[in-house]
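Undergrad: everything below, folded, please.
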Amino acid sequence: MPAMPRFNFRILLGFLKIIGVLLFMWILMRIDRVALLEVLRHANLFMIAAAFVIVILSYLTKAARWHLLVRLCGASPTFHQSWRLYNVGVFLALITPAKLGELGRAAYLRGRGMHAGTALTLSITDRLADAAAITCIAMWAVALLFGSMWALIGLVGVGIASLILWALSGKMAAVQWLSFLKMLRTPAMITYIMLWTTLSWTLYFVWTILIARSIGIDLSALLLVAALTIAGIVALLPIAPSGLGTRDAALLTLLLPFGLASGQIVAFSLLIFLMIFLSGIPGFFYWIQGTG
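TA: Now for the predicted structure:
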């Protein structure tokens, strides 16, 4: 009997990413491409440059949070090493669906002697901090855009999930290689993590709003934050590289009712994508060089 062909997960992921590219091409075919180019041509370059500086600052705050977590596990990297490793994670997130490449930081820590389970849990904890923040913002965004009933349902679900995670973290902390969770659960450490996370997300929204203003999008900042939050969650779907296509579709759905032209919205989404791509270049070089 002939052997069954082996399932290649990488090929599947590559195929899924093509879906987002095809979606983006479909969107381009349906909008006024001349208007899109005109919007990009008249973009305020000073604002775009300022936005790029702010996105780097947001990475610095996330690298500081990562540095704090790594040191909590008993490691003693310099901040420069943590900065390099964080940027490697940014690069790997660009080339993997749903930013799963960020977990690649765990492999580097394991290579430097950290227990594999500790390193992986550390990377997941870092992602959960962002997930908690964006979930809270998303509840507000859903209430603003779709009504308070949907937000209330989501809030109940989040509350239950949070209680389960808190209980699990207490039990997991009893495991020797997860003992850092005991320190992570202290009020002081929770406060530090929340402060760095809040600052990083504040900078993220300042960055994206600056991009919007650079191409003449003058909707209220609160409305843009709500739309960007929902679009950012949709962009995590593992069918596109860095949200290409999915972010565009989400922003078109959310912002067209407010009178913006489709070319302007796609230009906004495209500039976000390009800046995310450019901000991943340092991580690419750190990845090649190693993070020591």
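Undergrad: any idea which helix or strand comes after the helix or strand where residue 80 lies?
TA: Element membership of residue 80, judged by DSSP states H and E, is helix 79-94. Note on helix 79-94: by DSSP H and E, the next helix or strand toward the C-terminus is helix 104-111.
Undergrad: tell me what that next one is packed against?
TA: The elements that helix 104-111 packs onto, with contact taken as 3 or more CB pairs under 8 Å, 6 or more residues apart in numbering; DSSP states H and E, are helix 79-94, helix 116-146. C-betas here are computed from N, CA, C, even on glycine.
Undergrad: got the angle for it vs helix 79-94?
TA: 130 degrees (axes from the mean of the first three to the mean of the last three CA atoms, to 10 degrees).
Undergrad: still on that earlier bit, what mean pLDDT does the helix holding residue 80 get?
TA: For helix 79-94, mean pLDDT rounds to 90.
Undergrad: would you mark the buried spots in it?
TA: 81-94 (16 or more other CB atoms under 10 Å).
Undergrad: dump the residues you listed to a markdown table, plus distance to residue 251.
TA: Listed next are the buried residues of helix 79-94 as a markdown table, based on distance: CB to CB, whole Å:
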| residue | distance to residue 251 |
| --- | --- |
| 81 | 37 |
| 82 | 33 |
| 83 | 31 |
| 84 | 32 |
| 85 | 32 |
| 86 | 27 |
| 87 | 27 |
| 88 | 29 |
| 89 | 25 |
| 90 | 22 |
| 91 | 24 |
| 92 | 25 |
| 93 | 20 |
| 94 | 19 |
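Undergrad: tell me the one among those nearest to residue 120.
TA: Among the buried residues of helix 79-94, residue 89 lies closest to residue 120 (CB to CB), at 12.9 Å.
Undergrad: this protein: helices as residue ranges?
TA: 9-30, 33-41, 45-72, 79-94, 104-111, 116-146, 148-172, 180-184, 187-214, 221-234, 246-255, 262-279, 281-289 (DSSP state H).
Undergrad: which among those helices is found nearest to residue 240?
TA: helix 9-30 (2.0 Å).
Undergrad: TSV for the helices and strands packed on helix 104-111, including distance to residue 58?
TA: Converted to TSV, these look like this (distance: least, CB to CB, whole Å):
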stretch	distance to residue 58
helix 79-94	11
helix 116-146	11
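Undergrad: right, and those - which one's nearest residue 55?
TA: Going by CB to CB, the one of the helices and strands packed on helix 104-111 nearest residue 55 is helix 79-94, 10.3 Å.
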